[in-house]
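Undergrad: Got a sequence here, can you model it:
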Amino acid sequence: MSYTLQEVDFLRSHRPEIADATAELALTRSSLIADTEVLRRHFGEHARAVTELVAARRSTTGKLPSDWLMCGESAQQATPPVVAAVRARRIAKNLGAGARVHDVTCSIGTELRPLADAGLTVTGSDLDPVRARMARVNTGSAVAVADALAPPLRPGAVDAVVADPARRAGGRRITRPDQLLPPLPDLIAAHAGTPVAVKCAPGLDFSGWDGPVSVVSVDGGVKEACLYSPALGEGEHREAVLISTSPGEHPHIDRITDLSGDGDGESLAGPPGRYIIDPDGAVVRAGLVRHYALREGLWMLDDRIAHLTGDLIPEGRTGFPFIEQVPLKKLKAALRKHGCGSLEILVRGVDIDPDRLRRNLKPAGERPMAVVVTRIGSAGVALVCGPRTDGVDRT
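TA: Residues are numbered from 1 along each chain as shown. Predicted coordinates:
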């Protein structure tokens, strides 16, 4: 649920009271009725808005500033700050400090602060007046109420535009750029002549885009694909950005692009090495598995399948110690022979449901293991492995 403008103003002007009144409340499903009664005594007709705000803040603990105004939906849709910071640095690097950037779908402002922190001059706008007001409160930036297809600023007033079209319609993910809301062609036309950075779902078909496409993951989870105008790139067409976070430490960022060679079409396939490695989803989505393999001294089990193998696991990544390769029909016997208990299953290139496979295998031993079901040549095979590891010897 969102708020009315009056509720936003109330939440903004009663921050200390809200913090004090909700500090000891659990606001869980089982306690919600009792907690709501407490909030009604404190805040009367604004109790619903306070409940929504506190629940949204708690759902984003460590991701968004704890004092920001947000509702549950806007918090869920918000770009992770570490991802927004990567984009902001790219824009600043290509346009220079002080460049003027306008976020035309700014929502509650999660993109505005990283852009400003990167030394850029920022403005925002959003079609929803409630979110626009929250963005102004959260960031202190100039934010207008406007449609992304009807820019509030005159042509040439900004050096770049950031946009985040809706990625779902009717509860289903949108996979075509011309079906985004607003459609990508309309968005480009509305800002003709201005470089754009358009955030999209990672499953979008971006094969027709002529600028850089950056697919970003955080701690192994793919978060977004971003389409950049050529002016916001460095000659690359595809990029995977792997962000690793640890509490209290600066994020580690690994960038793989298609600027390096991919083996000129030569086969990179070979027999399993010491480890089986499943590349980060951003590498797979960006189509950079071969580039990543060559950079890390790995090879492929099959040139058409994204599983990799090698004798070392890339730093900061994980893999599975390879034990043996067996036909699928002999997998159950092989796992029983090794005393398999807990089992991690990875499937790629073979039409098998991992949950059904687990039920059929019925592992009952004590040894943690993994199995990689994949296709090599024309045959589906199972690679029996030890449990996931980073390959670092700590003895």
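Undergrad: For residue 210, see how far away the one residue sitting closest to the centre of the chain is.
TA: Closest to where the C-alpha atoms of the chain average out (CA atoms, centre = their mean) is residue 223, at 1.0 Å. Note on residue 223: its distance to residue 210, by CB to CB, to the nearest Å, is 23 Å. (Glycine included, C-beta is placed from N, CA and C.)
Undergrad: what residue ranges in this protein are flagged as low confidence?
TA: 1, 395 (pLDDT under 70).
Undergrad: Map the structural domains onto the sequence of it.
TA: Following automatic domain parsing, one gets these domains for the chain: 5-71, 81-257, 318-395.
Undergrad: Please identify the deepest-packed of those.
TA: Stretch with highest mean neighbour count among the domains of the chain: domain 81-257 (a mean of 19; mean count of other CB atoms under 10 Å).
Undergrad: and the end-to-end length of that domain?
TA: 22 Å (CA to CA, to the nearest Å).
Undergrad: Report the distance from that domain to the chain centre.
TA: Centroid displacement of domain 81-257 relative to its chain, using CA atoms, centre = their mean, to the nearest Å, is 13 Å.
Undergrad: Over to stretch 372-385?
TA: 29 Å.
Undergrad: how about it as PDB, C-alpha atoms only?
TA: Taking Å, rounded to 0.1, in the frame of the first residue of the first chain, the C-alpha atoms of stretch 372-385 are listed here in PDB:
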ATOM      1  CA  VAL A 372      25.700 -31.400 -11.800                       C
ATOM      2  CA  VAL A 373      23.300 -32.700 -14.400                       C
ATOM      3  CA  THR A 374      24.300 -31.400 -17.800                       C
ATOM      4  CA  ARG A 375      24.700 -32.200 -21.400                       C
ATOM      5  CA  ILE A 376      28.000 -33.200 -23.000                       C
ATOM      6  CA  GLY A 377      27.800 -33.700 -26.700                       C
ATOM      7  CA  SER A 378      24.400 -35.400 -27.300                       C
ATOM      8  CA  ALA A 379      24.200 -37.200 -24.000                       C
ATOM      9  CA  GLY A 380      22.800 -36.100 -20.600                       C
ATOM     10  CA  VAL A 381      25.300 -37.000 -17.900                       C
ATOM     11  CA  ALA A 382      25.700 -36.600 -14.100                       C
ATOM     12  CA  LEU A 383      28.900 -35.300 -12.600                       C
ATOM     13  CA  VAL A 384      29.100 -36.500  -9.000                       C
ATOM     14  CA  CYS A 385      30.900 -34.000  -6.800                       C
END
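Undergrad: For that stretch, give me every contacting residue.
TA: 269, 272, 276, 278, 301-302, 304-305, 307, 320-328, 330-331, 334-335, 338, 345-350, 352, 354, 357, 369-371 (CB atoms under 8 Å, 6 or more residues apart in numbering).
Undergrad: ok, 6 Å please
TA: Applying CB atoms under 6 Å, 6 or more residues apart in numbering, the external contacts of stretch 372-385 come out as 276, 301-302, 305, 307, 320-326, 328, 331, 334, 346-350, 352, 370-371.
Undergrad: Next step: those residues restricted to strands.
TA: 276, 320-326, 346-347, 370-371 (DSSP state E).
Undergrad: Tell me the one of the residues you listed nearest residue 392?
TA: Lowest distance from residue 392 to the ones in strands among the contacts of stretch 372-385 (CB to CB) belongs to residue 321, with 12.6 Å.
Undergrad: you'd agree that closest one is up against residue 386?
TA: Yes: using CB atoms under 6 Å, residue 321 and residue 386 qualify as a contacting pair, with a distance of 3.8 Å.
Undergrad: Could you name the helices and strands sitting against the strand or helix carrying the residue nearest to the centre of the chain?
TA: Counting by DSSP states H and E, the element that carries residue 223 is strand 221-228. Packing partners of strand 221-228 (3 or more CB pairs under 6 Å, 6 or more residues apart in numbering; DSSP states H and E): strand 196-200, strand 213-218, helix 281-285.
Undergrad: a markdown table for the ones you listed, including distance to residue 206?
TA: Listed next are the helices and strands packed on strand 221-228 as a markdown table, based on distance: least, CB to CB, whole Å:
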| stretch | distance to residue 206 |
| --- | --- |
| strand 196-200 | 7 |
| strand 213-218 | 5 |
| helix 281-285 | 10 |
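Undergrad: how about these, which one is nearest residue 57?
TA: strand 213-218 (19.9 Å).
Undergrad: list the contacts for residue 225?
TA: 200, 202, 204, 213, 215.
Undergrad: nearest residue to the fourth one other than its sequence neighbours?
TA: Just to be clear, that refers to residue 213. Spatial nearest neighbour of residue 213, excluding adjacent residues (CB to CB, 6 or more residues apart in numbering): residue 206 at 4.9 Å.
Undergrad: Give the pairing partners of the strand holding residue 223; include direction for each.
TA: strand 196-200 (antiparallel), strand 213-218 (antiparallel) (DSSP bridges).
Undergrad: by how many degrees do whatever helix or strand comes next after that strand and strand 221-228 diverge?
TA: Next helix or strand after strand 221-228 toward the C-terminus (DSSP H and E): strand 238-244. In terms of direction (axes from the mean of the first three to the mean of the last three CA atoms, to 10 degrees), strand 238-244 departs from strand 221-228 by 140 degrees.
Undergrad: Alpha carbons only: can I get strand 238-244 in CSV?
TA: What follows is strand 238-244, C-alpha atoms only, in CSV (Å, rounded to 0.1, in the frame of the first residue of the first chain):
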residue,chain,number,x,y,z
ARG,A,238,28.3,-6.7,-23.2
GLU,A,239,29.4,-6.6,-19.6
ALA,A,240,28.9,-8.6,-16.5
VAL,A,241,29.4,-6.9,-13.1
LEU,A,242,29.8,-9.2,-10.1
ILE,A,243,29.4,-7.4,-6.8
SER,A,244,30.4,-9.2,-3.6
